[in-house]
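Asker: Following is a predicted model, sequence given first.
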Amino acid sequence: MENKFNSEKFMDLIIPNALLNVVENQGTITNINDSYSIVHIPIDKIDFCNFNGFSYSYFPTCYTLDSTVALEKIGFVKVRNNPNLSLYGAGVLVGVVDSGVNYQHKAFLFKDNTTKINSIWDQTIYNENTPVNEEFPYGTFYSREDINRALALKNPLDAVPSTDENGHGTAIAGIIVGNEDTGNEFSGVAPLSELIVVKLKQAKKVVRQFFAVSQEVTCYQKSDIMMGIKYIINVARRLNRPLVLCIAMGSSQGGDDGLDPLSYYLNDISRAPRSCVVVSGGNEGNRSRHYLGSFGKGDEFKEFEFKVGEKDKAFFMEIWMQPIQRLSFEITSPAGEKISSVYPGIRQIKKYNFIFGPTKLCINNITTEAESGDQLILLRFNNTQSGVWKIRLNNIDRTPSDFNVWLPSGELITNETFFLQSNPYLTITAPGNAFAPITIGAYDTLEGGIATFSSKGYTRKDVIKPDLTAPGTFITSPSNKEGYVTVSGTGSAAALTTGVVALLLEWAILRGNYTGITGSEIKTFLIRGARRELNVDYPNRTWGYGQIDLFGTFEKLTL
C-alpha cells in the first residue's frame with residue numbers, strides 16, 4: 001500500500017479534530033493529538049490557487065533551520081561546580097526534532113562507549129523488512145539497543161544507516177548533551193541527559209510547489225514536525241521521565257500570531273507537568289524581510305517596494321491586516337506592468353501571467369482567515385522577474401490601522417530579495433510566537449550586544465517575545481563528520497537554553513524539589529533569574545526579559 005506521508009500524490013493537511021466529520025470522506029486520517037489530525041488529500045482534488053475551500057492555516061507550512069567560550073555566560077558552570085547543586089542533567093530526556101544526528105560522534109557516547117541516545121526516528125529511511133507502525137507509518141525506528149549493536153561493528157552505518165547530512169541537528173544535540181572535551185574546549189550543558197532524536201524528511205515537492213518554494217533548498221513541513229513531536233512525547237511518557245523539547249527552526253508563514261496548530265500543540269506541552277519546550281526566535285533581524293505599514297485616519301492607500309534577486313524565481317509573500325481593515329491590492333512589475341485592484345472576498349482568487357516578463361502570480365485576497373479572523377493577502381510568485389516591484393494597498397474603509405508584510409524566512413530565498421524600507425521588529429518566526437514555550441533570542445558571545453541576526457518582537461498580537469536571550473555566536477559544537485565546528489544562530493542559543501532547562505528539571509524532579517513543575521513555571525523561574533542592565537527597560541522587543549542566568553535563577557528561587 002502506498003505510504004501517503006511520502007507520496008507526492010497527497011497533500012498532508014493539518015485539520016482540527018472537530019472538523020474531521022466534514023473531510024473524512026476526502027482522504028485518509030492520521031491522528032496527531034486530541035486537537036489535530038493529518039488528512040491526506042489526493043492532490044487531484046486540490047486546486048493549488050483556490051485551496052478548494054480549505055483554510056490556509058491547514059496547509060503544512062515550510063520551516064528552515066535556525067543556526068549556522070558560551071557556557072560561562074549562561075551561569076551553568078557555577079551551578080555545576082557548586083557542591084550543593086552539581087547538576088549534569090541526569091535522568092532527563094531531551095527531544096530534538098531536526099536534521100538528524102551523527103550518533104557515532106564521541107560527544108554522544110558514555111564512558112563505556114554506549115550511546116546516550118534513547119532512540120532515533122529517521123523519517124527518511126524506508127525499510128521493507130520493518131513492520132509498519134500504524135501510529136507512525138513512515139520512516140524507520142532505532143532503539144538504544146540497535147545503536148549500541150551498530151557501534152560495536154566495524155562500520156556502524158551497515159546496521160543503523162541514519163546520518164545527518166546537514167550537520168545542524170548534530171550541532172544542536174551536542175550543545176545540549178555533548179560530553180566534555182577539554183582538549184577542544186567543549187562541553188554540552190547537560191552531558192548526562194539522554195536524547196530522543198527525530199530526523200525530519202524534506203518537505204514534499206507538492207508542498208514546495210503549493211507555497212512556491214524552490215525544490216533545491218532545505219526545508220521541512222509542519223505536519224512532519226508535529227508527528228516528530230508526537231513520537232518524542234510518546235517515548236517520554238512510556239519511560240515516565242521528564243522531558244525538554246528543543247525546536248531550533250522557524251517559519252515566517254502564518255501571520256506572527258501564535259495561532260497555528262503547531263503553536264497550540266507546543267502550548268499544551270509547555271503547560272503540562274514534567275515537560276518544557278524551548279524554541280529559537282529566528283534569524284530574521286537583519287534580513288529586511290518584514291515591512292510594517294500604517295494607515296492614518298482617512299488615508300486612501302500605501303505603497304511599498306521590494307527587490308527580487310536573480311536567483312529567487314519562486315517565493316511567497318504574506319500581507320496580514322487587522323480585523324477592522326479591508327484592503328484591495330495592486331502590484332507593478334519591474335517592467336512597469338500593473339495588475340489592477342484585487343478586492344477581498346471569502347475566496348477571492350486571481351491568477352496572472354505577466355505579458356512583459358515571465359512571471360506567474362497567484363493572488364489570494366482572503367477577507368477572513370480561519371484561525372485569526374484577519375484579512376490575508378497571499379502572493380505566490382513563480383519564474384519571477386528580478387528587479388524592484390511595487391505594491392499598492394488601498395484602504396477601502398479609510399480605517400486607521402497597521403498592516404504587516406513578510407517574505408520567506410531562512411534559506412528559502414537569498415539575501416538579494418528584500419523590502420527597500422524594511423522594519424526589523426515583528427520578525428520572530430513560528431513557532432517562536434507561540435505563547436507558552438520559552439522563545440530565545442541570541443546575543444554576541446564575545447561582545448555581549450544583541451546578535452545582528454536575532455529576530456525581534458513582539459508578535460503581531462503584542463505577546464512579549466523573545467522571552468529571553470542566550471549566547472548565539474561562535475558556539476563550539478560536534479560536527480556531523482569528525483571533530484568540532486563553530487555555529488551561530490538563535491538555534492544555538494535555544495540549544496544552550498535547552499541544556500539549562502534539563503539541569504532545572506534534574507533539580508526539580510529527579511532530586512524531589514518540585515516534582516510537578518511545568519514548562520510555564522520553568523519559564524517564570526528563568527525570567528526572574530535573568531541578568532538585566534540597570535539602564536534598560538524590560539521586557540523589550542530585543543532582549544525580552546533579559547539574559548539567561550541559571551545561577552541567578554537558583555539565587556532567586558524560593559519555594
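Answerer: Happy to help now that I have it.
Asker: Please name the residues that touch S193.
Answerer: Residues near S193 by C-beta atoms under 8 Å, 6 or more residues apart in numbering: 88-94, 116, 176-177, 499, 502, 506. Where you see a C-beta, it was placed from the backbone N, CA and C, and this is true even at glycine.
Asker: so where do the strands sit in the stretch 201-350 of the chain?
Answerer: With strands called from DSSP state E, counting those that start in this stretch, the stretch 201-350 of the chain shows them at 220-221, 243-247, 249-250, 275-280, 290-295, 301-308, 315-321, 327-332, 338-342, 348-353.
Asker: so how many other residues sit close to the closest residue to Q375 other than its chain neighbours?
Answerer: With sequence-adjacent residues excluded and distances taken as C-beta to C-beta, 6 or more residues apart in numbering, Q375 is closest to M321, at 4.2 Å. With neighbours defined by other C-beta atoms under 10 Å, the count for M321 comes to 26.
Asker: Also A18?
Answerer: Burial of A18 is recorded as 9 neighbouring residues (other C-beta under 10 Å).
Asker: hang on, it in a strand?
Answerer: No: under DSSP: H, G, I helix; E, B strand; the rest coil, A18 falls outside any strand and is assigned helix.
Asker: Find the residue closest to D260 in space, skipping its chain neighbours.
Answerer: With sequence-adjacent residues excluded and distances taken as C-beta to C-beta, 6+ apart, D260 is closest to G254, at 4.8 Å.
Asker: Which residues are in contact with that neighbour?
Answerer: Here G254 is in contact with S57, T61, D260, E318, A430 (criterion: C-beta under 8 Å, 6+ apart).
Asker: In TSV, list those along with pLDDT and distance to Y514.
Answerer: As requested, the contacts of G254 are arranged in TSV below (pLDDT from 0 to 100; distance: C-beta to C-beta, whole Å):
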residue	pLDDT	distance to Y514
S57	88	36
T61	94	36
D260	94	31
E318	97	41
A430	98	30
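Asker: Can you name the two of those that sit furthest apart?
Answerer: Of all pairs drawn from the contacts of G254, the widest gap by C-beta to C-beta lies between D260 and E318 and measures 12.5 Å.
Asker: which one of the contacts of G254 has the most neighbours?
Answerer: By neighbour count, taken as other C-beta under 10 Å, the most surrounded of these turns out to be A430 (29 neighbours).
Asker: so it sits right up against P261, yeah?
Answerer: No: with contact taken as C-beta atoms under 8 Å, A430 and P261 are classed as non-touching, separated by 10.5 Å.
Asker: now the chain, which segments are flagged as low pLDDT?
Answerer: Across the chain, the stretches falling below the confidence threshold (pLDDT under 70) are 1-2, 68-76, 346-347, 558-559.
Asker: the residue most distant from the middle of it, which is it?
Answerer: For the chain, the C-alpha farthest from the mean C-alpha position belongs to G298; by C-alpha atoms, centre = their mean, that distance is 38.6 Å.
Asker: how close does that residue get to D397?
Answerer: 11 Å (C-beta to C-beta, to the nearest Å).
Asker: got it, and L243?
Answerer: Distance check for L243 against D397: by C-beta to C-beta, it reads 48 Å.
Asker: how many neighbours does F474 have?
Answerer: Under the criterion other C-beta under 10 Å, the count of neighbours that F474 has is 14.
Asker: wait, L412
Answerer: Taking other C-beta under 10 Å as the neighbour definition, L412 ends up with a count of 27.
Asker: which stretches of the stretch 401-550 of the chain form helices?
Answerer: Listed in chain order, the helices found in the stretch 401-550 of the chain under DSSP state H, counting those that start in this stretch are 490-505, 519-529, 550-556.
Asker: Which positions in the second one come out as buried?
Answerer: Neighbour counts over helix 519-529 (16 or more other C-beta atoms under 10 Å) mark G519, S520, E521, I522, K523, F525, L526, I527, G529 as buried.
Asker: Please report how far the third one lies from R528.
Answerer: Right, the one you point to is E521. Counting by C-beta to C-beta, the gap from E521 to R528 is 11 Å.
Asker: quick one, what contacts the residue lying closest to F453 once chain neighbours are set aside?
Answerer: Excluding its sequence neighbours, the residue lying closest to F453 (C-beta to C-beta, 6+ apart) is N283, at 4.3 Å. The contact partners of N283, taken as C-beta under 8 Å, 6+ apart, are D66, S67, S409, G410, A442, F453, S454, S455, G489, T490, G491.
Asker: Excluding chain neighbours, give the residue nearest to N127 in space.
Answerer: With C-beta to C-beta, 6+ apart as the criterion, N127 has its nearest non-adjacent residue at 4.6 Å, and that residue is T140.
Asker: looking at it, that neighbour is touching D122, isn't it?
Answerer: Yes: taking contact to mean C-beta under 8 Å, the distance of 5.3 Å between T140 and D122 places them in contact.
Asker: got any residues that touch both of those two?
Answerer: Residues touching both T140 and D122 by C-beta under 8 Å, 6+ apart: S162.
Asker: for P60, helix, strand, or coil?
Answerer: P60 carries the three-state label coil when classified by three-state DSSP.
Asker: May I have the residues that are in contact with it?
Answerer: By C-beta under 8 Å, 6+ apart, the contact set of P60 is M11, D12, L13, I14, A203, V207, Q221, K222, S223, D224.
Asker: Now stretch 306-325: buried residues?
Answerer: By neighbour count, with 16+ other C-beta under 10 Å as the criterion, the buried positions of stretch 306-325 are 306-309, 312-322, 325.
Asker: Check those residues and tell me the two furthest apart.
Answerer: Of all pairs drawn from the buried residues of stretch 306-325, the greatest distance, 32.3 Å, lies between K313 and Q322 (C-beta to C-beta).
Asker: Can you tell me the element the closest residue in space to S86 that isn't next to it in sequence falls in?
Answerer: Ranked by C-beta to C-beta, 6+ apart and with sequence neighbours excluded, the top spatial neighbour of S86 is R80, at 6.4 Å. Counting by DSSP states H and E, the element that carries R80 is helix 76-81.
Asker: next one: I175
Answerer: Element membership for I175 (DSSP H and E) is helix 168-177.
Asker: ok, now which ones touch L379?
Answerer: With contacts defined as C-beta under 8 Å, 6+ apart, L379 is in contact with F316, M317, E318, I319, I331, L361, C362, I363.
Asker: Hmm, the fourth one is touching D402, no?
Answerer: Looking back up the chat, that one is I319. No: using C-beta under 8 Å, I319 is not in contact with D402, being 11.6 Å away.
Asker: From what I see, K297 and P400 are in contact.
Answerer: Yes: between K297 and P400 there is a contact under C-beta under 8 Å: 4.5 Å.
Asker: Between those two, which is the more surrounded one?
Answerer: Under the criterion of other C-beta under 10 Å, the comparison of K297 against P400 puts P400 first, with 13 against 8.
Asker: Which elements pack onto the longest helix along the chain?
Answerer: Selection of the longest helix in the chain by residue count, based on DSSP state H, yields helix 222-239. If you count contacts as 3 or more C-beta pairs under 8 Å, 6 or more residues apart in numbering; DSSP states H and E, helix 222-239 packs onto strand 10-16, strand 36-42, strand 62-65, strand 93-98, strand 117-122, strand 194-199, strand 243-247, helix 261-271.
Asker: got the ones you listed as TSV, with distance to T476 and mean neighbour count columns?
Answerer: What follows is those, written out as TSV (distance: least, C-beta to C-beta, whole Å; neighbours: other C-beta atoms under 10 Å):
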stretch	distance to T476	mean neighbour count
strand 10-16	37	23
strand 36-42	38	21
strand 62-65	18	26
strand 93-98	18	28
strand 117-122	20	23
strand 194-199	18	26
strand 243-247	17	29
helix 261-271	28	22
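Asker: Reformat the ones you listed as TSV; add distance to V217.
Answerer: Formatted as TSV, these follow (distance: least, C-beta to C-beta, whole Å):
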stretch	distance to V217
strand 10-16	19
strand 36-42	23
strand 62-65	8
strand 93-98	16
strand 117-122	21
strand 194-199	18
strand 243-247	19
helix 261-271	20
